[in-house]
Every structure is written in structure tokens, then in C-alpha cells.
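# sequence plus the predicted model coming up.
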Amino acid sequence: MGLIFAVSTSPQKGMRKTNISQGIMIAEHGLEGDAHAGSWHRQVSLLAMESINEMIKKGLDVGPGDFAENLTTEGINLVELPLGTRLRIGTDCLVEVTQIGKECHNPCAIYHQAGDCVMPREGIFVRVIQGGTVQGGDNIEIEAEQQY
């Protein structure tokens, strides 16, 4: 089991996200008010604080949301989760892993802003099955694993 370290949104794609105290996850849509929300497989992005800390050790001045992730986690190995894994976030939210990593956009705006982008290597994407509120300090745990 891990924790949600931070919740972040942005009004446009390809930019750093701003931390918010609490977010609303909407079923089959994503995080309310975020540019990536919508009817597709990458509704919400997750990145581990451990990955961000590795970038800090390399000298980058970065923190939660700076790699355009919606949920910064701690204590759960995101990149080892198989596609189809369902994660319970807090008491209400249920999400399903739909993609691990992504192709960067030659390099992306985040790379130019931060000096590197760990999201293509270590970020994951989920779709929201069951919505609800999410905030820093919420538990995140594997509810079911499915290998596709």
C-alpha cells in the first residue's frame, strides 16, 4: 500500500501542473478541471515521488506536478503494475491502469521547462472506474491485478 503525496491539475496539456488540496475524480472522465480529462484511456496520470526525488538528486529543481502528473504517489512501484491492475484511491475512487510510460514529444515542453522528463519512463496512466474525492494523504492500494 502507498499514499497519494499530491494532487495536481493544469488548464492546458504539456505544462507543469499546480498542486491542489483536493480533487474530484469523475468516472470515465478523469480529474475535474484538468486538461487531460476526457473520454479516452489516459484520463489521469500518476508518477512516484521516488522518481521525482531521483531527478532532484540529478540537480533538477522539481516537485510534485512538475512532470505533468495528476497524482504523485509514494510507496507503490507504479511501473511494475500490469495493465488492467485496479487501484483503490482513498475510500471512493477506483482506477484501472491503461498505459505504462509514454512517447515524449521531441522533447516535450516539460523537458524544456524542467531539464528532463521522467514521465515517459516511469509514469503510468489510468481510467477512472469509480469517482470520488482524492487528496494528499489518501491511501492507494492494489485492489485487483489482471494481465492483458
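Yes, it's here.

# quick one, phi psi at the residue of the chain positioned farthest from its centre?
Residue farthest from the centre of the chain, counting by CA atoms, centre = their mean, is Gly59 at 22.3 Å. Phi and psi for Gly59, reported as degrees, to the nearest 10, are phi 100, psi 0.

# and the gap between the residue lying closest to Lys102 once chain neighbours are set aside and Val79?
Spatial nearest neighbour of Lys102, excluding adjacent residues (CB to CB, 6 or more residues apart in numbering): Pro120 at 5.2 Å. Just so you know, the C-beta spots here come from the backbone N, C-alpha and C atoms, and that holds for glycine as well. Computed with CB to CB, to the nearest Å, the distance linking Pro120 and Val79 is 11 Å.

# secondary structure element holding the residue nearest the centre of the chain?
Using CA atoms, centre = their mean, the residue of the chain that lies closest to the mean C-alpha position is Leu46, 1.6 Å off. In this assignment (DSSP states H and E), Leu46 forms part of strand 44-48.
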